[in-house]
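A.B. asks: what follows is a predicted structure for the sequence shown.
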Amino acid sequence: MNKLRIKLIEGSLLDEFQVVDISVISYTGAISIFQGKVNLSELLDWFKENEHEIKSSDLPIDRGNGGSLARKIRDFYESVDTENDEVVDSMFDYRSHHCLRFAVRGTLIPEIYIGKSGHNYEISMSGNDGEWGYFIDIEDFFNQFKN
């Protein structure tokens, strides 16, 4: 199973911002999914605060079995009925617990989602700059923060 890693590239936790690399580690090597300047403490705190939601919440809309979480969310917003406040609110709530953009507000980062996808966990992105998705070992990822 793929591993998800956050690596400090430049700076220290004492600095206001650090350059980090978020990578998926597969049996063939590392795939960088984001590299940029963020407040690492805020990012790590967001993961800790949202661990339960990330591990247990299902996407609040049914978009069939195909596609990544990011693709399903993108499709939802491209065809949303803005009159249905309940669905729009539940999607916003889901995004606030699963989208890395909410973890590092004020930072230019793609809409990368992490969460439960069926019986697996994934990290994915779907946007104008491309689309990708990887199944990850979620327990391994969160165990990093417990050491």
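C.D. replies: Everything's here; your move. Given the structure is predicted, the values throughout are model-derived calculations rather than measurements.

A.B. asks: now residue 44: which helix or strand?
C.D. replies: Using DSSP states H and E, residue 44 maps to helix 40-56.

A.B. asks: I'd like to know which elements that helix is packed against.
C.D. replies: strand 3-10, strand 18-26, helix 85-98, helix 100-103, strand 112-117, helix 138-143 (3 or more C-beta pairs under 8 Å, 6 or more residues apart in numbering; DSSP states H and E). Using the backbone N, CA and C atoms, a C-beta is placed for each residue, glycine as well.

A.B. asks: in this structure, where is pLDDT below threshold?
C.D. replies: Residue ranges of the chain with pLDDT under 70: 63-65, 82, 147.

A.B. asks: again, only this time at 90
C.D. replies: Counting by pLDDT under 90, the chain contains low-confidence residues at 11-16, 60-67, 75-88, 105-109, 118, 127-130, 145-147.

A.B. asks: next, the angle from the helix holding residue 44 to strand 18-26.
C.D. replies: Helix 40-56 runs at 30 degrees relative to strand 18-26, counting by axes from the mean of the first three to the mean of the last three C-alpha atoms, to 10 degrees.

A.B. asks: and helix 40-56, what's buried?
C.D. replies: 40, 43-44, 46-47, 50, 54 (16 or more other C-beta atoms under 10 Å).

A.B. asks: deepest-packed of the helices and strands packed on helix 40-56, please.
C.D. replies: Ranked by average neighbour count under the criterion mean count of other C-beta atoms under 10 Å, the helices and strands packed on helix 40-56 are headed by strand 112-117 at a mean of 23.

A.B. asks: can you give me how far that strand is from the chain middle?
C.D. replies: In terms of C-alpha atoms, centre = their mean, to the nearest Å, the centre of strand 112-117 is set 5 Å apart from its chain centre.

A.B. asks: ok, then the element right after it?
C.D. replies: Using DSSP H and E, the helix or strand that follows strand 112-117 in sequence is strand 120-127.
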